[in-house]
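[1] My questions are about this predicted structure, shown below with the sequence.
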Amino acid sequence: MRLIALTFALLAAACASPGSEPGPVASMPAPAPPPPPPGGELAVTANTGGPQLNPAGNQQVANPTEGGFRAYLGELRPRMLAAGIAPATWDSAMSGVSLNMKSIGLSSGASGGMGRIWTYLERVDVLLPRGRTALAANRAALDKAARETGVDAVAIASIWGNETSYGNVLGNFYVVEALASLAYEGRRRAFFEEELLAALTLLQEGLVTREELTGSYAGALGQVQFMPSNILKLGRDGDGDGERDLRGSLHDAFLSCGNYLRHHGWRPGEPWLAEARLPAGFRWELAGPDIRMTAAEWDDLGVRAFDGRRLTAMVGAEAPVSVILPAGHRGVPLIAFENYRRFLDYNPSQAYAIAVAHLANRLAGAAGFAQGWPADQGGMSAAEMTELQSHLLARGYDLTADGRFGDKTRRAVRAYQLSAGLPADGYPTGALLNRLRNERVS
């Protein structure tokens with residue numbers, strides 16, 4: 001069996017007649033690849049396990065060099081052979097491989113700071129018209145995947161659109177070289193070594209050829225950008241030909257995507273994201289993806305969907321729900337249901353998950369956001385985020401000054417805002433950073 005059934009050229013576009021394989025659509029030029037999401041999380045899926053190739057864990061290399069890379073490969077080879085990779089597989093896969101600084105640069109460039117969510121959501125406006133065409137053209141395959149997995153067709157289509165612009169941007173990196181380079185660079189060495197093992201396993205088992213291991217700078221493959229380990233674990237044959245061809249078969253890609261979301265706990269028939277209408281006097285400190293309350297509890301507090309629906313009319317009374325403020329208390333408040341978190345399982349970036357959820361809603365016929373974003377509010381660079389975190393550390397808050405905006409930083413910002421009598425939305429801003437700069441530390 002081979003993973004790839006069609007050539008890359010056949011996938012210049014992915015819109016085709018219902019139930020058919022993808023074919024070119026010359027009148028719809030491919031948009032640019034998606035930018036890294038604000039917040040900068042690396043666009044890879046969660047680790048699904050595998051042999052413990054590197055018990056020592058991550059070991060970052062400050063100044064990657066070709067000589068250091070070659071020495072690392074020399075040390076890695078016996079560990080890969082011990083994990084079951086044949087010498088011939090390794091030698092063939094590594095022939096001509098060199099340190100790929102572009103992969104490292106792209107992953108490093110997405111390593112911190114915080115962008116403006118509404119800038120990232122502009123991509124939804126680009127993807128929406130193409131998505132409607134792709135959804136209609138591939139409705140049979142999407143509906144089949146939805147029936148078999150319980151995952152809504154528009155959710156699968158939205159991931160497809162956000163990951164590869166509906167098959168138009170599949171990546172042009174040799175993923176063995178990309179994964180080996182990222183493993184050597186070391187920030188996520190254990191993860192990328194396991195993904196490299198999975199890629200070599202795909203090659204060794206005849207599921208792909210070397211030429212077919214072409215994908216993203218971080219090693220993801222196919223229409224819906226699965227990491228190699230997820231192809232082995234969660235890839236499915238959707239068209240009955242005995243293959244798991246996530247590049248050439250949309251049936252396989254859609255079923256695999258739905259299977260991934262189901263495996264991580266998708267709740268059939270439930271929503272994922274809705275615009276919120278918050279009551280007067282809402283306690284901002286209750287908002288955040290790190291805070292969950294039941295739908296009934298939110299109802300009691302007066303939180304409603306923007307159209308007036310109670311949350312218990314949308315999900316069960318005991319269903320866990322979060323209110324999130326992706327632009328702070330001045331932005332659009334959102335209701336995040338459990339299915340929203342399945343998009344985070346696919347890519348652990350709040351901006352990515354919001355974009356996927358919003359596009360899925362729009363593909364299902366919903367309107368855009370009724371409330372506005374604070375256009376005068378800027379983002380934060382990684383250096384600014386690190387400085388803000390350092391100020392909070394100096395005041396005794398529990399976080400790491402790494403330039404990345406995650407739950408620990410959100411909680412620390414929220415706690416400081418509460419202590420200072422500020423709206424405690426957990427959202428860092430330039431104004432907050434200036435306040436911390438000018439405030440004496442007791």
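    The structure has been received and is ready for your questions. Residues are numbered from 1 along each chain as shown.
[2] Please count neighbours and contacts with C-alpha atoms only from this point.
    OK.
[3] got the residue ranges for the strands in the stretch 51-200 of the chain?
    Applying DSSP state E, counting those that start in this stretch to the stretch 51-200 of the chain gives strands spanning 173-174.
[4] how about low-confidence regions in it?
    Low-confidence segments of the stretch 51-200 of the chain, defined by pLDDT under 70: 51-52, 55-56, 109-111.
[5] Pull the number of nearby residues for residue 297.
    For residue 297, the neighbour count with other Cα atoms under 10 Å is 18.
[6] any idea how far residue 315 is from it?
    Note on residue 297: its distance to residue 315, by Cα to Cα, to the nearest Å, is 12 Å.
[7] Likewise for residue 181?
    Counting by Cα to Cα - residue 181 and residue 315 are separated by 45 Å.
[8] try residue 177
    Look at residue 177 and residue 315: by Cα to Cα, they are 45 Å apart.
[9] Which one's more surrounded, these two?
    Each of residue 177 and residue 315 has its neighbours counted (other Cα under 10 Å); residue 177 has more, 25 against 20.
[10] If you drop the residues flanking it in sequence, what lies closest to that one?
    Take residue 177 and drop its neighbours on the chain: the residue closest to it by Cα to Cα, 6 or more residues apart in numbering is residue 97, 5.7 Å away.
[11] Can you tell me how far that neighbour is from residue 206?
    As judged by Cα to Cα, residue 97 and residue 206 stand 20 Å apart.
[12] Next: residue 273.
    40 Å.
[13] who has more neighbours, the two?
    The neighbour comparison of residue 273 against residue 206 (other Cα under 10 Å) goes to residue 273, with 26 against 13.
[14] wait, what's in contact with that one?
    Going by Cα atoms under 8 Å, 6 or more residues apart in numbering, residue 273 touches 334-337, 340, 354, 357-358, 361.
[15] run the last query once more with 10 Å
    If a contact means Cα atoms under 10 Å, 6 or more residues apart in numbering, then residue 273 has 305, 321-324, 334-341, 353-354, 356-358, 360-361 as its contacts.
[16] That one bridge partners, please.
    With beta bridges defined as DSSP bridges, residue 273 has these partners: residue 336.
[17] where's residue 413 relative to residue 323, distance?
    Residue 413 is 17 Å from residue 323, by Cα to Cα.
[18] what's the neighbour count on residue 157?
    Applying other Cα under 10 Å, we find 28 other residues in the vicinity of residue 157.
[19] Show me the helices in the stretch 101-250 of the chain, by range?
    In the stretch 101-250 of the chain, the helices defined using DSSP state H, counting those that start in this stretch lie at 101-109, 117-137, 139-149, 153-164, 175-185, 189-204, 228-234, 250-263.
[20] for those, which one ends up most surrounded?
    helix 175-185 (a mean of 27; mean count of other Cα atoms under 10 Å).
[21] Packing partners of that one?
    Applying 3 or more Cα pairs under 10 Å, 6 or more residues apart in numbering; DSSP states H and E, one finds that helix 175-185 contacts helix 66-82, helix 87-94, helix 101-109, helix 189-204, strand 214-215.
[22] what residues does the last one touch?
    Put plainly, it is strand 214-215. Residues outside strand 214-215 that contact it (Cα under 10 Å, 6+ apart): 8, 169-178, 220-223, 225-227, 247.
[23] From those residues, keep the buried residues only.
    Applying a neighbour-count criterion of 16 or more other Cα atoms under 10 Å, the buried members of those are 169-171, 173-178, 220-223, 225-227, 247.
[24] Okay, and which of the contacts of residue 273 map to helices?
    338-341, 353-354, 356-358, 360-361 (DSSP state H).
[25] Weed out the non-buried ones from the residues you listed.
    Neighbour-count burial (16+ other Cα under 10 Å) applied to the ones in helices among the contacts of residue 273 gives 338-341, 353-354, 356-358, 360-361.
[26] Out of these, the closest to residue 148 would be?
    residue 339 (17.2 Å; Cα to Cα).
[27] Return the residues in contact with the closest one.
    Going by Cα under 10 Å, 6+ apart, residue 339 touches 151, 155, 261-262, 264-273, 321, 345, 357.
[28] Go through the ones in helices among the contacts of residue 273 and name the one nearest residue 439.
    Using Cα to Cα, residue 354 is the member of the ones in helices among the contacts of residue 273 that sits closest to residue 439, with 34.3 Å.
[29] Pretty sure the closest one sits against residue 333.
    No: assessed by Cα atoms under 10 Å, residue 354 is found out of contact with residue 333, at 11.6 Å.
[30] Which residues are in contact with each of those two?
    Overlap of the contact sets of residue 354 and residue 333 (by Cα under 10 Å, 6+ apart) consists of residue 326.
[31] Could you pull out the buried residues of stretch 267-287?
    By 16+ other Cα under 10 Å, the buried positions in stretch 267-287 come out as 267, 270-278, 284-287.
[32] tell me the mean pLDDT for it?
    Mean pLDDT, stretch 267-287: 98.
[33] Ends of that stretch, what's the gap?
    End-to-end distance (Cα to Cα), stretch 267-287: 22 Å.
[34] Report the distance from that stretch to the chain centre.
    With Cα atoms, centre = their mean, to the nearest Å as the basis, stretch 267-287 stands 22 Å off its chain's centre.
[35] same check, this time on stretch 160-167
    12 Å.
[36] Relative to residue 277, how far out is the residue lying closest to residue 127 once chain neighbours are set aside?
    Spatial nearest neighbour of residue 127, excluding adjacent residues (Cα to Cα, 6+ apart): residue 161 at 6.6 Å. According to Cα to Cα, residue 161 and residue 277 sit 28 Å apart.
[37] burial measure for residue 308, as a count.
    Neighbour count of residue 308, defined by other Cα under 10 Å: 10.
[38] which residues touch it?
    276-277.
[39] closest to residue 291 out of the helices and strands packed on helix 175-185?
    Closest to residue 291 of the helices and strands packed on helix 175-185 is helix 189-204 (Cα to Cα; 28.0 Å).
[40] Let's have the ones in helices among the contacts of residue 273 in a markdown table, adding distance to residue 214.
    Conversion of the ones in helices among the contacts of residue 273 to a markdown table gives the following (distance: Cα to Cα, whole Å):
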| residue | distance to residue 214 |
| --- | --- |
| 338 | 33 |
| 339 | 30 |
| 340 | 29 |
| 341 | 29 |
| 353 | 25 |
| 354 | 28 |
| 356 | 24 |
| 357 | 27 |
| 358 | 29 |
| 360 | 27 |
| 361 | 31 |
